[in-house]
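>>> Make a model of this:
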Amino acid sequence: MILVEPAGPLNVGSVARLCANFDIQQLRLVSPRCDHLSRAALQMAVHGEAVLKTATIHPDLLSAISDCRRTIGSCGRIDHGDIPLHTPVQAIRWLLEPASEGAPGSVAHQAPVALVFGREDRGLSNDELRLCQKVLTLQSGLAYPSLNLSHAVAVVLHELALLKAGDRSVSAGGQATRDPAAADALLAMLDDARELLLEAGFLLTHTASARMAKVSDLLQRATIRPEEVALLRGMVRQLRWAIRTNRS
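This next block holds a predicted model:
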C-alpha cells in the first residue's frame, strides 16, 4: 500500500488499520505532509499500529515502486487525459496474477505488487498515474465523486479480499502472465525517444511533453514488457547514432 503526500494523520492512521484488517503487510508513504507517528494517527490505527510504525518514507513515487513488479494507481478525477481506466475488479484481478518469469520462490515471484493512492485534495497527478501500469477508478456518483482517502482504500481492499477469497482462478493460482516493464526503464526509454524525435524535428519543444504523454499512454495500454522496452531503446539509440554519423 502506497500513499502519496498524505496530509491528514487521521487518514494515515485509518489506512494503517485497514492494512491490518485486510492483511496488507507494508505501508509506504511518499513525502507525507503530516507526522504519521503522531498521537492522532496512532490512535486511529488501533491494531494497525505495527503497520504504522514500520511504514517506510520515500521522496517520490518512482522510488516507492522501484522494487514492485506490478503497480495500480487510483484515480477519481475526470481530467486524466487518455489514461485508460479500469474497474477495481479488472485491475485487481490483473494485480493478483502470478508472474510467469522464473520458478516459484524466485525473485520475480517474490517481488511486491502495489496499490497507490494520491493526495486527499487532488489525488495522483497524470505523470504519477503514468508510472502505474494500470489505473482503477471507483464508480461513485457524478454529483459528488470524490471519496475520502481512507474510504477509497477500504473499498479497494475489500474488492481485493473478495477476489483472493472467492475467485477460483485467483485462489488456484490463475494463468501466469508476463510482468510489465518497470516504470524507471519505461521512463528512460521515453526520454531517449523524446531526444531523438526532437533532434529529428518530429517533436517541437512546446508540444513534446503532451505528445510523449500520448506515447506513454499507448505503451501502458499495451502492457509493454521489459524486453520490448529494451528493444525500443536499442532502436532509438541506433537511430540517434546513425543520424549523428551521417551529419558528420
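>>> Counting neighbours, which bits of the helix of greatest length in the chain end up buried?
Counting by DSSP state H, the longest helix found in the chain is helix 226-247. Along helix 226-247, these residues count as buried under the neighbour rule (16 or more other Cβ atoms under 10 Å): 228-229, 232-233, 236, 239-240. Any C-beta I mention is one placed from the backbone N, CA and C, and that applies to glycine too.
>>> Which neighbouring elements make contact with the host helix or strand of L115?
For L115, the host element (DSSP states H and E) is strand 113-117. Counting contacts by 3 or more Cβ pairs under 8 Å, 6 or more residues apart in numbering; DSSP states H and E, strand 113-117 packs against strand 2-4, helix 61-64, strand 70-74, helix 88-96, helix 149-166.
>>> 10 Å instead, please
strand 2-4, strand 28-30, helix 61-64, strand 70-74, helix 88-96, strand 134-136, helix 149-166 (3 or more Cβ pairs under 10 Å, 6 or more residues apart in numbering; DSSP states H and E).
>>> Give the rounded mean pLDDT of that strand.
Averaged across strand 113-117, the pLDDT comes to 97.
>>> So in that sheet, which strands flank it, and in what orientation?
Counting by DSSP bridges, the strands paired with strand 113-117 are strand 2-4 (parallel), strand 70-74 (parallel).
>>> Could you check how far the longest helix of the chain is from the centre of its chain?
27 Å (Cα atoms, centre = their mean, to the nearest Å).
>>> Tell me where the model's unsure across this protein.
In the predicted model, the chain carries pLDDT under 70 at residues 77-78, 80, 100-109, 167-176, 248.
>>> Domain-wise, how is this structure divided?
2-171, 183-247 (automatic domain parsing).
>>> got the ones you listed as JSON lines, with distance to T177 columns?
Formatted as JSON lines, these follow (distance: least, Cβ to Cβ, whole Å):
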{"stretch": "domain 2-171", "distance to T177": "5"}
{"stretch": "domain 183-247", "distance to T177": "9"}
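>>> hey, which of those is tucked in deepest?
Comparing the domains of the chain by mean neighbour count (mean count of other Cβ atoms under 10 Å), domain 2-171 ranks first with a mean of 18.
>>> Give me the distance from it to the chain's centre.
8 Å.
>>> end to end, how far does stretch 33-46 reach?
Start-to-end span of stretch 33-46 (Cα to Cα, to the nearest Å) is 21 Å.
>>> show me what contacts D121?
Contact partners of D121, counting by Cβ atoms under 10 Å, 6 or more residues apart in numbering, are 5, 7, 146, 149.
>>> Identify the farthest-apart pair in those residues.
Largest separation among the contacts of D121 by Cβ to Cβ: E5 and S146, giving 16.2 Å.
>>> and the gap between F117 and M44?
16 Å (Cβ to Cβ, to the nearest Å).
>>> now do L29
From L29 across to M44, the span is 15 Å (Cβ to Cβ).
>>> and the residue nearest in space to the middle of the chain, what does it touch?
Nearest to the geometric centre of the chain sits C132, at 3.0 Å (Cα atoms, centre = their mean). Residues in contact with C132 (Cβ under 10 Å, 6+ apart) are 2, 61, 65, 68, 70-75, 83, 91, 114-116, 124, 180, 183, 220.
>>> what's the answer for A45, then?
With contact taken as Cβ under 10 Å, 6+ apart, A45 is in contact with 9-10, 12-20, 27, 36-37, 51-53.
>>> cool, H151 as well?
Listed by Cβ under 10 Å, 6+ apart, the contact partners of H151 are 11, 14, 18, 138, 140.
>>> That'll do, ta.
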